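A.B. asks: Structure for this input, please:
(one chain, ligands or ions: 1)
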Amino acid sequence: MSTTPKSLAELRDVYGPHLNLAPPGGWDADLEPDKLVKTHCCFCGQQCGIQLKVKDNRVVGFEPWTEFPFNEGKLCPKGVKRYLQGNHPDRLTSALVRTEHGFAEVDWEAAMAHTVNEIERIQTQYGKDAFAVLSGVSLTNEKSYLAGKFARLGLGTKNLDYNGRLCMVSAGVGNKKAFGVDRAANSWADIVGADVIWVTGANVAECAPITTDYIWRARDRGAKLIVVDPRITPLARTADLVLPLKPGSDCALTNGVLHLLHKWDLIDWDFVKAHTTGFEQALEEVKDCTPEWTSGLTGLPVAAIEKAARMWGEAETSFLLHARGIEHQSKGVENVLGCINMVLATGRIGKPNCGYATITGQGNGQGGREHGHKCDQLPGNRDIENPEHRKYICEVWNCTDEELPGKGLTAQEIMNAIHTGEIKGLLSLCFNPLVSLPDTEFTRAALSRLEFYVNLDFFLSETAQHADVVLPAALHEEDEGTTTSAEGRVIRINKAVEPPGDARADWKILVEIAQRLGKEKWFGHFTSPEAIFNELRVASKGGTADYFGITYEKIEKNLGVFWPCPELDHPGTPRLFEGGKFFHPDGKAKFIPTRWRPPMEVVDAEYPIWLTTGRVVFHYLSGTQTRRIGFLVEQCPHPYLEIHPRLAALHGIEEGDAVEITSRRGALVLPAKVVKSIRPDTVFIPYHWPGELSANRLTARHLDPLSKIPEYKVSSVRIAKTTKDRFPAELAELQRMAFEARTDQANLPEQVF
Ligand code: SF4
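C.D. replies: Prediction:
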């Protein structure tokens, strides 16, 4: 059973989160490094270059890596403080097995033997597909590729999916439908030369901070900036035009803009006729989407909608960026396609200073969705249901079609199947669903129904607390490989230090389990990340995400290579679609009509306020790493309710008051943060925390029908002022930790005053 073996408070005492405040030995220690290791940030999809300072096999600090072209040495607070996750008191260095008295440290052999026995027992008793794998896209390309092969050939299960399903997957589906390929159309260099930049559903300054620099460089040249978001985010405060639309109305806005572009004849007809199909159908869909219709659904003034369409339509060059704000919806794919229709109608793609991209959120959000650890995908972004694609991968993997499972369940569907008892066993790595999936209490109930759960992680995450076996995995800086940044640039992750104790690289753990299950012939040759990468290159060859011409050496020499790169002498492809050549068999892009429809949950008399959730600059995803770093917790210790003064006044709420927020799934009590930068009918909660502080206690398991992404960005809630004694105990504990971080002398250099 996968309930926690001790109370959460007892687990927290032992496994944290505790804070690491200072480098090894404190600020006064001699931290002169033995070496500097050029690598990349372990957090977001920007994948900034960084140099890690290493002394005595410990990461003790960092230096900027100014030569790396994407960020030229710039980093956000997470990147600056990432080195504090090494040498951390919470670090798992031994395998853990659940006992009646809590987790017990056991030797590697015992943990592995138990794991393999349980996998075999469950699959013999219930069938291969009764054991599922959930992985993540902070993993390198090599581990992503291996996770797919491990699940399908190592375990023989079809039920494998990844936490990119909670992130960029709507963009992936939309891009493949429209362009025939799933990648940012451009490197970020084209942002700088754009005359108009349209940013929608992307809190760039907090979630992709270095992209701000590209936008500001364009602004320095005179570019205009349009920002669409229910919140006036930090970037929006610098915009020429802010469109604070109602949550869930994004597709109504893009349809309204397309209507006006056509009405005012701001269409690039030459491009549309030569390089696209489906424009007539797309126009038919928007023929009634007048500014008044758009205004009624979005809550935006007619004049603002017209101004946006005019600015976009009349620009010579432009770049459209979107992110989770439009993708995390039950119509995430339609929202993405609505943006793409605007871009295609004006023909501003595949040319210098003209382009389009989703800003991937997770570290390897781009590469992680190309190599086959999605339930419906094989390496090279091939389709698992396409007979030709299956045949090619069977040849590369030396297996038969019968040995290669078909399409399985997506991440939320796997959790649903665990809840119903259809899936009995789970292996997860790099995934903390108890914080990141919607409807937290449903996820907790599902985990408690597993017969066996093995978790690979470097800290005991909230989900790992439910495991039967925890295998200590490696930190980013303890392994090597490649990732692919938001731009589509494949880069090298270099190893800086060895993992401590019994901890080891995730790929070694998966290979060992596969070998113990008797699958030596498919995994025995994986003796290094480069060996895995070389098979990945061949497996991707001929697919849309073609890495065949990329080698470790070439990446190092060029400071990254953009895929597709089909041959060893190919330079890579920073800008896609040049000359109007798209990836569909006819070489054209497709307009896909997008009919507006409401979110799955709308406001009503009982739940009259929109809720939207998201990230803050100081934390990363489910917070497993950043909630353990002193400076980051000091800056943002706990979640809060962002609320407009008018809505706050209606409920008698003032700054810092306790507010109970209730949805159809559950309730939270959080302190109010009263701001003018949010719509008065909407509240916002950052989602990085677990348990009683988890924003996902409120969100619903509604999915986009195509991408199966949950609708994190649109829920309905009611709010009520309550008393501060109802704040969860965790909140006070986090405030105490933040206070300690602020006042602990170890956090300051010697005698600065
Ligand atoms: S979190 Fe993202 S923006 Fe910040 S340093 Fe890391 S890669 Fe760069």
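
A.B. asks: So what's the residue count around the nearest residue to residue 295 once chain neighbours are set aside?
C.D. replies: With sequence-adjacent residues excluded and distances taken as Cβ to Cβ, 6 or more residues apart in numbering, residue 295 is closest to residue 302, at 4.9 Å. For the C-beta atoms, the positions are set from N, CA and C on the backbone; glycine is no exception. Neighbours of residue 302 under the rule other Cβ atoms under 10 Å: 15.

A.B. asks: For residue 302, which residues are in contact?
C.D. replies: Contact partners of residue 302, counting by Cβ atoms under 8 Å, 6 or more residues apart in numbering, are 291-292, 294-295.

A.B. asks: The ligand contacts on the protein?
C.D. replies: 41, 43-44, 46-48, 75-76, 78-79, 209-210 (Cβ under 6 Å from any ligand atom).

A.B. asks: Looking at these, which are in helices?
C.D. replies: Secondary structure from DSSP state H places 78-79, 209-210 of those in helices.

A.B. asks: Most neighbours of all the contacts of residue 302, which one?
C.D. replies: Tallying neighbours with other Cβ under 10 Å puts residue 294 at the head of the contacts of residue 302, with 29 neighbours.

A.B. asks: excluding its backbone neighbours, what's nearest that one?
C.D. replies: Computed as Cβ to Cβ, 6+ apart, the closest residue to residue 294 that is not its neighbour in sequence is residue 256, at 2.9 Å.

A.B. asks: mind checking the backbone torsions on that neighbour?
C.D. replies: When read as degrees, to the nearest 10, the backbone of residue 256 gives phi -60, psi -40.

A.B. asks: quick one: pLDDT of whichever residue of the stretch 501-650 of the chain sits closest to the ligand?
C.D. replies: Closest to the ligand within the stretch 501-650 of the chain is residue 620: 6.6 Å, counting by Cβ to the nearest ligand atom. pLDDT for residue 620: 95.

A.B. asks: neighbours around the residue in the stretch 251-400 of the chain that the ligand sits nearest to, how many?
C.D. replies: The nearest approach of the stretch 251-400 of the chain to the ligand comes at residue 363, 7.3 Å away (Cβ to the nearest ligand atom). Residue 363 has 30 neighbouring residues, counting by other Cβ under 10 Å.

A.B. asks: How about it, nearest residue that isn't a chain neighbour?
C.D. replies: Nearest one to residue 363, counting by Cβ to Cβ, 6+ apart, is residue 138 at 4.4 Å.

A.B. asks: Mind pulling up the pLDDT for that neighbour?
C.D. replies: Listed pLDDT for residue 138 reads 91.

A.B. asks: Who are the contact partners of it?
C.D. replies: Residue 138 is in contact with 42, 362-364, 368, 430, 476, 621, counting by Cβ under 8 Å, 6+ apart.

A.B. asks: Can you list phi and psi of residue 226 for me?
C.D. replies: Taking degrees, to the nearest 10 as the convention, residue 226 sits at phi -120, psi 130.

A.B. asks: Go ahead and confirm it touches residue 195.
C.D. replies: No - at 11.6 Å, residue 226 does not count as touching residue 195 under the criterion of Cβ atoms under 8 Å.

A.B. asks: Mind pulling the model confidence for the closest residue to the ligand within the chain?
C.D. replies: Residue nearest to the ligand within the chain: residue 79 (2.3 Å; Cβ to the nearest ligand atom). We have a pLDDT of 96 for residue 79.

A.B. asks: That one: how many residues sit nearby?
C.D. replies: Neighbour count for residue 79, taken as other Cβ under 10 Å: 24.

A.B. asks: and the ones in helices among the residues of the chain next to the ligand as CSV, adding distance to residue 233?
C.D. replies: Listed next are these as CSV, based on distance: Cβ to Cβ, whole Å:
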residue, distance to residue 233
78, 17
79, 20
209, 12
210, 16
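
A.B. asks: mind listing what residue 423 touches?
C.D. replies: Contact partners of residue 423, counting by Cβ under 8 Å, 6+ apart, are 129-132, 159, 414, 417, 450.

A.B. asks: Most widely separated two among these?
C.D. replies: By the measure Cβ to Cβ, 129 and 450 form the most distant pair in those, at 14.6 Å.

A.B. asks: Please identify which of these two sits among more neighbours.
C.D. replies: Neighbour comparison, residue 129 and residue 450: the larger count goes to residue 450, with 22 against 19 (by other Cβ under 10 Å).

A.B. asks: any idea which helix or strand carries that one?
C.D. replies: Using DSSP states H and E, residue 450 maps to neither a helix nor a strand.

A.B. asks: Would you list the phi and psi of it?
C.D. replies: With angles defined as degrees, to the nearest 10, residue 450 sits at phi -70, psi 140.

A.B. asks: Distance of it relative to residue 410?
C.D. replies: Computed as Cβ to Cβ, to the nearest Å, the residue 450 to residue 410 distance reads 18 Å.

A.B. asks: Same check on residue 488?
C.D. replies: Using Cβ to Cβ, residue 488 is found at 24 Å from residue 410.

A.B. asks: So between these two, which is more surrounded?
C.D. replies: Using other Cβ under 10 Å as the criterion, residue 488 and residue 410 rank with residue 488 on top: 29 against 23.

A.B. asks: Which other helices and strands does the helix or strand hosting residue 395 contact?
C.D. replies: In this assignment (DSSP H and E), residue 395 forms part of helix 387-397. If you count contacts as 3 or more Cβ pairs under 8 Å, 6 or more residues apart in numbering; DSSP states H and E, helix 387-397 packs onto strand 377-378, strand 382-383, helix 529-540.

A.B. asks: Might you quantify the distance of the first one from its chain's geometric centre?
C.D. replies: The gap between the average C-alpha position of strand 377-378 and the chain average comes to 19 Å, counting by Cα atoms, centre = their mean, to the nearest Å.

A.B. asks: again with stretch 644-660
C.D. replies: How far stretch 644-660 lies from its chain's middle: 31 Å, per Cα atoms, centre = their mean.

A.B. asks: begin at 851 from here
C.D. replies: Let's use 851 as the start, then, which means that last one is stretch 1494-1510.

A.B. asks: Please identify the buried residues of it?
C.D. replies: 1494, 1497-1498, 1501, 1503, 1507-1510 (16 or more other Cβ atoms under 10 Å).
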